[in-house]
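1. sequence and predicted model, in that order:
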Amino acid sequence: MLAGFIICFIVGLLCILMGFLIWKKKQLSFIAGYNEETYKGDKEKLAKVIGLFTIFVGLLTILLPFGLEFVSELFGLLFGAIITIGSIALIVYVNKLNKPTDSK
C-alpha cells in the first residue's frame, strides 16, 4: 500500500512540475501534438490553460490514494470522471483557441 502512495506522490509532483513549466515558463514543447508552425491561436492562453489543467491533475493524483484508502472506491470513479470530462472540455477549448487572431 505504501508503494501506491509513493508512486502517486511522485507522478503527481511530476505533473505539477510539468504544469508549472508549461504555464509559467512557456515550455510549449511539452504539450503533446503541439507544433509551433501550425498553431495559429493565442500561445499565452494555451500555456495557461494546459499548465493549470496539468497542475490540477497532479494535485488530484497526489490525493487519489488517500481518497481510495480513507473515503471509498467511489473516489477512484470520481477521479476518472473528472479527468475524462476535463480532458474533453480542454480539447474543445484548445481547438477554439487555435483560430488565427485578427490583427486589426
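-> Alright, I've got the coordinates.

2. for the most centrally placed residue in the chain, give me the pLDDT.
-> By Cα atoms, centre = their mean, the chain has its centre lying nearest to residue 54, at 2.2 Å. pLDDT, residue 54: 97.

3. tell me the helices and strands packed up against the lengthiest helix in the chain.
-> Across the chain, the helix with the greatest residue count (assigned by DSSP state H) is helix 43-70. If contacts are counted by 3 or more Cβ pairs under 8 Å, 6 or more residues apart in numbering; DSSP states H and E, helix 43-70 sits against helix 2-23, helix 74-97. Using the backbone N, CA and C atoms, a C-beta is placed for each residue, glycine as well.

4. just name the most buried of the ones you listed.
-> Highest mean neighbour count among those (mean count of other Cβ atoms under 10 Å): helix 2-23, with a mean of 15.

5. other SSEs contacting it?
-> helix 43-70.

6. and the helix it packs on, what's buried?
-> Residues of helix 43-70 classed as buried: 46-47, 49-51, 53-58, 60-62, 64-65, 67-68 (neighbour count, 16 or more other Cβ atoms under 10 Å).

7. quote the end-to-end distance of stretch 25-38.
-> End-to-end span of stretch 25-38 (Cα to Cα, to the nearest Å): 21 Å.

8. need the contact partners of that stretch.
-> 18, 21-22, 43-44, 46-47, 50 (Cβ atoms under 8 Å, 6 or more residues apart in numbering).

9. go on, stretch 82-98?
-> So stretch 82-98 is contacted by 39-42, 45-46, 49-50, 53, 56-57, 60 (Cβ under 8 Å, 6+ apart).

10. could you do stretch 71-81 as well?
-> 60, 64, 67-68.
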